[in-house]
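Asker: below is the sequence, then the predicted model.
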Amino acid sequence: MNILIVTREIKVARALKRGLEEFEFNVHVNENPNEEILATEIGQNDLLILDQELTGGSIALMQRLIEFKQGLAILLLTVENLNLMRIDPKLPLVEYLAKPFQFRELLAKILSLRNKQYTLLNAS
């Protein structure tokens, strides 16, 4: 699975990259994204780990990114109260993870998204 991490917290991104690579994931990091760059980089990735602070949690942005690549999974890292956030049923491959989080929580979300992704792509 190819993963793109998009955050300005470079120390966190590097730690996540090292940890995920130990589990045989191919990981790339983007520190300063804009929508055009993301669209280009997404084509070669299966999962986007996106810091909500960069997007404001914009559903419209996530929909546009998913349009660039069908089946793209997005894990949105957020400081928001997850009890107040609702997952849009139109975006079945988008999940949230509250900061701070443990690495095993991140890994569980990634594996869950990978399973959903496999199921959705093979159902069509």
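Answerer: Thanks, I have the structure now.

Asker: which residues touch the helix or strand where residue 110 lies?
Answerer: Per DSSP states H and E, residue 110 falls inside helix 103-123. For helix 103-123, contacts defined as Cβ atoms under 8 Å, 6 or more residues apart in numbering pick out 1, 3, 16, 19-20, 23, 25, 46-47, 49, 71, 73, 75, 92-93, 95, 97. C-betas here are computed from N, CA, C, even on glycine.

Asker: kindly recompute the last result at 7 Å.
Answerer: 1, 16, 19, 23, 46-47, 71, 73, 75, 92-93, 95, 97 (Cβ atoms under 7 Å, 6 or more residues apart in numbering).

Asker: narrow the residues you listed to those in strands?
Answerer: Mapping the contacts of helix 103-123 onto strands (DSSP state E) picks out 47, 73, 75, 95, 97.

Asker: the last one touches residue 77, doesn't it?
Answerer: Yes. Between residue 97 and residue 77 a contact is recorded at 5.6 Å, counting by Cβ atoms under 7 Å.

Asker: tell me which of those two has more neighbours.
Answerer: residue 77 (24 against 19; other Cβ atoms under 10 Å).

Asker: for the nearest residue to that one once chain neighbours are set aside, what are phi and psi?
Answerer: Of all residues beyond its chain neighbours, the one nearest residue 77 is residue 51 (5.0 Å), with distances taken as Cβ to Cβ, 6 or more residues apart in numbering. Backbone torsions of residue 51, given as degrees, to the nearest 10, read phi -80, psi 120.
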